[in-house]
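S.K.: Structure of the sequence below:
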Amino acid sequence: MKMFVPSLLLVIVSHHTQAVVVEVYGGIQSVTLPCHYSNHIPEDPTVMWIRIDLNPNFVHKQKEKDDLTGQNQHYNRRTFMRSDALDTGDFSLTLRKPTETDTGKYTCTIGDGRELLILGDVQLLVKGQRQSMAVVTLVLLLLAILLVCFCWVCICLKGQVPLVLHHLHFVLALGIVFSGSILLLHQDHFFTGYQAEEGNESVQLPCTATIHLTEDTKVEWKNSCNGKIHVYKNGSDRPEEQDENYRGRTKMNENLLKTGDLSLTLKYPTVTDTQIYTCTVYNSEGNIMMIKQVELKVSGPTVKIWIFIAVCIVLYVAALLAFVFMCKKYKRMKSRQDAIV
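M.R.: Numbers count the residues shown, from 1 in each chain. Purely as a prediction, here's the structure:
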């Protein structure tokens, strides 16, 4: 009977607890899974985060201090809880460098060795990085291969190094300008996070609701410093709750409760706006229902030019080194042929 009571308790709590949805893009430094408890703390308590689809399912455990014995190795040195969690009731879990493999349902529990109480579930969704540096590497590698092949063919067919060098510089110039321009124009597809340039009129931070929204839903956008940059509550914006630095600079879509589009438009972004922004949705009782984090990177106007110049220099040096290597190889081959003759 003692074994049956905790099981029954778990079923009842899980049935009436709606999972919080946390959504981030891979490549972000960390993500926080919220869990707060304001009721009586049992004697000799143990707070444990678990993920039932894993074996072992233990993600993080804290008694008087962290106890990570038996932790799933996938989370080794990647989880963190506040040291005063049992005093404050803030049992939130910070997960460093989340990846797509971290996607799943995490359960926050507290127990005293006899009974285990589920405090809440958090559904973490880690999307693949919007961009992949592998794409950049592949493009540059293909370009280098083409240039090396061109050099080799010219040397083998004509055997005239000065003439080949003259044509090579022409091909290098075209290839470098082309590849550098592609990287410059499409840099948003090559780097993690949402990109904006200082001086742009606005930038949009995306957030789409994955839960049902009601008239008393509260939406709150915060920056990395936990400052409120936009608050929407009871059907209207609340600029009086907004940080002064963002007043008049933010806007959310109309009819957001119907459309579920909770995206935030930030006007006139500057370099100081380069931060991680968090969109949090609360229900009428003030409980967190959904969280999404978006990383924004705002660059100065001259940054793109320096990126372009740096890429061109790297490409030119790499191709030129490859050319010199092939020329030396050709000369050695030619010398052996002449010696045989």
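S.K.: Domain map for this structure?
M.R.: 4-127, 133-192+303-326, 199-299 (automatic domain parsing).
S.K.: any idea which of these scores lowest on pLDDT?
M.R.: Ranked by mean pLDDT, the domains of the chain bottom out at domain 133-192+303-326, with a mean of 59.
S.K.: Can you show me the helices along the stretch 51-200 of the chain?
M.R.: Taking DSSP state H, counting those that start in this stretch to define them, one finds helices in the stretch 51-200 of the chain at 85-88, 133-158, 161-185.
S.K.: can you list contacts of the first one?
M.R.: Outside helix 85-88, the residues that touch it by CB atoms under 8 Å, 6 or more residues apart in numbering are 41, 45, 47, 62, 64, 82, 91. All C-beta spots, glycine's among them, are computed from the backbone N, C-alpha and C.
S.K.: now do 6 Å
M.R.: Defining contact as CB atoms under 6 Å, 6 or more residues apart in numbering, one finds that helix 85-88 is touched by residue 91.
S.K.: And it, what's buried?
M.R.: 85-86 (16 or more other CB atoms under 10 Å).
S.K.: What separates the first and last residues of stretch 259-272, distance-wise?
M.R.: End-to-end distance for stretch 259-272, by CA to CA, to the nearest Å: 31 Å.
S.K.: before we move on, what about stretch 97-113?
M.R.: Stretch 97-113 has an end-to-end distance of 32 Å (CA to CA).
S.K.: what do you get for stretch 52-61?
M.R.: Taking CA to CA, stretch 52-61 runs 15 Å from one end to the other.
S.K.: Name the residues of it that are buried.
M.R.: 58-61.
S.K.: Touching it from outside, list them.
M.R.: With CB under 6 Å, 6+ apart as the test, stretch 52-61 has contacts from 48-51, 67, 70-72, 75, 79, 93, 104.
S.K.: Looking at those, which are in strands?
M.R.: Those of those mapping onto strands are 48-50, 79, 93, 104, per DSSP state E.
S.K.: Strands of the stretch 151-300 of the chain, start to end?
M.R.: 194-197, 202-205, 218-222, 228-233, 236-237, 250-252, 264-267, 275-282, 288-299 (DSSP state E, counting those that start in this stretch).
S.K.: hang on, the earlier thing: among the ones in strands among the contacts of stretch 52-61, name the buried ones.
M.R.: Buried subset of these (neighbour count, 16+ other CB under 10 Å): 48-50, 79, 93.
S.K.: Closest to residue 253 out of those?
M.R.: residue 93 (31.3 Å; CB to CB).
S.K.: quick one: the nearest residue to the closest one once chain neighbours are set aside from residue 104, how far?
M.R.: Nearest non-adjacent residue to residue 93, counting by CB to CB, 6 or more residues apart in numbering: residue 33, 4.5 Å away. For residue 33, the distance to residue 104 equals 11 Å [CB to CB, to the nearest Å].
S.K.: shared neighbours, these two?
M.R.: Listed contacts common to residue 33 and residue 104 are nil; contacts here mean CB under 6 Å, 6+ apart.
S.K.: contacts for stretch 224-242?
M.R.: Stretch 224-242 is contacted by residues 218-223, 243, 246-247, 250, 252, 264, 275-276 when judged by CB under 6 Å, 6+ apart.
S.K.: 8 Å instead?
M.R.: Contact partners of stretch 224-242, identified using CB under 8 Å, 6+ apart, comprise 215-216, 218-223, 243, 245-247, 250, 252, 256-257, 264, 266, 275-277.
S.K.: Many thanks, we can stop here.
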